[in-house]
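1. Provide a 3D model corresponding to the input given below.
(chains A and B)
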Amino acid sequence: MNDAEYRRLLKILTVRACRVLRVATSKGDDWVLGESGKSPADFAAETLILWSTNQLQFTGTHEKLVAFLTRVTTNAIISALRKPAVKTGRSGKTTLADELTEDAKSKPESLFDLRSLLRDGAFREALDQCTADDETLKEYVVAIEAFEDTIPAARDIAELLGVPVTDIYNRRKKLARRLGKHGFTESRRRSQV
Amino acid sequence: MKKKNEENRQAESLEESLKALFGEERDLTDAELDEELDACGIDAVELQANAHKQLFDYSNHHYRTLDRDVPANLEKTLRALRPPSASEKAKAIVRTAENLVGSFLDTAKTKSSELLSTTLPIQTRQPQFAFRNKKELSAADKDLLQSEQEAVDSLDES
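-> Just a heads-up that it's a prediction; the model follows:
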């Protein structure tokens, strides 16, 4: 890897951390960052430290290395989100994070499954706010929802909407930037008021 | 172990959702990565400097102060993320200034040739163009020539 590739890797990991944090923390009170106080950049730097000090073993192509390290970053955030998390049930009883794990496992659908995310009130509200003034983005979100049982690829969405695939790539990038700017925390705070 | 598996499952599921909604981060160009970081309130230059500091502190704390060898990959990462020195910054500024001046001159040349080719009449673009090359003289030109001729003739007669 050359110097530019190292610098690019840091950016990729940080963008991943931003996306994960924004989506994961939109899942309501069960998923909070707690007291760790880590920023997306901290998670990216930690992954780089683990890898560069051989605490993570990986042999493979550069492409696969990037995919591997982005997964490590995602796992680290999920783990950090869960550790301090406590869940207050209807009875007001506080449940420890480890008990939460068992609880979540019993559910047939993952909390971060695409369908589950799109049905989530706070996440949906954030999406709606980010797409309110842009018909092409609204159309894009509706198109994703139209695929009931599968996770659609860009090509599938492009076919459904009758637009070139590059158009879908551009809409994705735009949506990601808008959600980054918007921030989910604000949306949740407003919805709770 | 159960907890790890559960975390992996959640991470995998979240990755699939992120990919479906936003695409993959590694497909973005450097400029697009910068743009998304910027949208999240992160400056790419600061990000690199902060990451370098974190890795540098880690290498000091866990290796250098303990007199242990710093792993080769950590050395490489540190070198790649090292913020530019004062002289490197100065060189970069000079390079940018030179490029700016160069592009300014190029633009000026292009614009002036564009102006010449679009605003002046076709004859004036020929350097040999002159009054004497006119094939047909206007009435005013003829009057001027006539009066000049008469002035010359009257001088000769006297």
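
2. from the chain's centre, how far out does the one helix or strand residue B:88 maps to sit?
-> Taking DSSP states H and E as the criterion, residue B:88 maps to helix B:86-119. Its chain's average C-alpha position is 10 Å from that of helix B:86-119, according to Cα atoms, centre = their mean, to the nearest Å.

3. Report the mean per-residue pLDDT for it.
-> Average pLDDT, helix B:86-119: 79.

4. Averaged pLDDT, the helix or strand that it is followed by. What do you get?
-> Reading on from helix B:86-119 to the C-terminus, the next helix or strand found by DSSP H and E is helix B:139-157. Averaged across helix B:139-157, pLDDT comes to 84.

5. go on, stretch B:50-58?
-> The average pLDDT within stretch B:50-58 is 95.

6. what's the answer for stretch A:148-164, then?
-> 89.

7. Next, the residues that contact that stretch from outside, please.
-> Applying Cβ atoms under 8 Å, 6 or more residues apart in numbering or on different chains, the external contacts of stretch A:148-164 come out as A:114, A:139-140, A:143-144, A:146-147, A:165, A:167-169, A:172, B:16-17, B:19-20, B:23. C-beta coordinates here come from the backbone N, C-alpha and C atoms, glycine included.

8. Residue A:79 and residue B:7 touch, don't they?
-> Yes: with contact defined as Cβ atoms under 8 Å, residue A:79 and residue B:7 form a contacting pair (5.5 Å).

9. between these two, who's got more neighbours?
-> Each of residue A:79 and residue B:7 has its neighbours counted (other Cβ atoms under 10 Å in any protein chain shown); residue B:7 has more, 19 against 14.

10. If we ignore the residues flanking it in sequence, what's nearest that one?
-> Distance criterion Cβ to Cβ, 6 or more residues apart in numbering or on different chains; nearest residue to residue B:7, sequence neighbours excluded, is residue A:78 at 5.1 Å.

11. how much space is there between that neighbour and residue B:17?
-> Distance from residue A:78 to residue B:17, counting by Cβ to Cβ, to the nearest Å: 13 Å.

12. Same check on residue A:60?
-> On the measure of Cβ to Cβ, residue A:60 and residue B:17 end up 24 Å apart.

13. cool, and residue B:99?
-> 43 Å.

14. who has more neighbours, those two?
-> For residue B:99 versus residue B:17, the count of surrounding residues by other Cβ under 10 Å is larger for residue B:17: 23 against 10.

15. got the contact list for that one?
-> A:23, A:112-114, A:117, A:151.

16. list the buried ones in whichever strand or helix holds residue A:68?
-> Assigned by DSSP H and E, residue A:68 belongs to helix A:62-82. Across helix A:62-82, burial judged by 16 or more other Cβ atoms under 10 Å in any protein chain shown covers A:65-67, A:69-78, A:80-82.

17. Next, the contact list for the nearest residue to residue B:47 once chain neighbours are set aside, please.
-> In space, and not counting its chain neighbours, residue B:47 is closest to residue A:41: 5.5 Å by Cβ to Cβ, 6+ apart. Neighbour list for residue A:41: A:14, A:17, B:42, B:47, B:50-51 [criterion: Cβ under 8 Å, 6+ apart].
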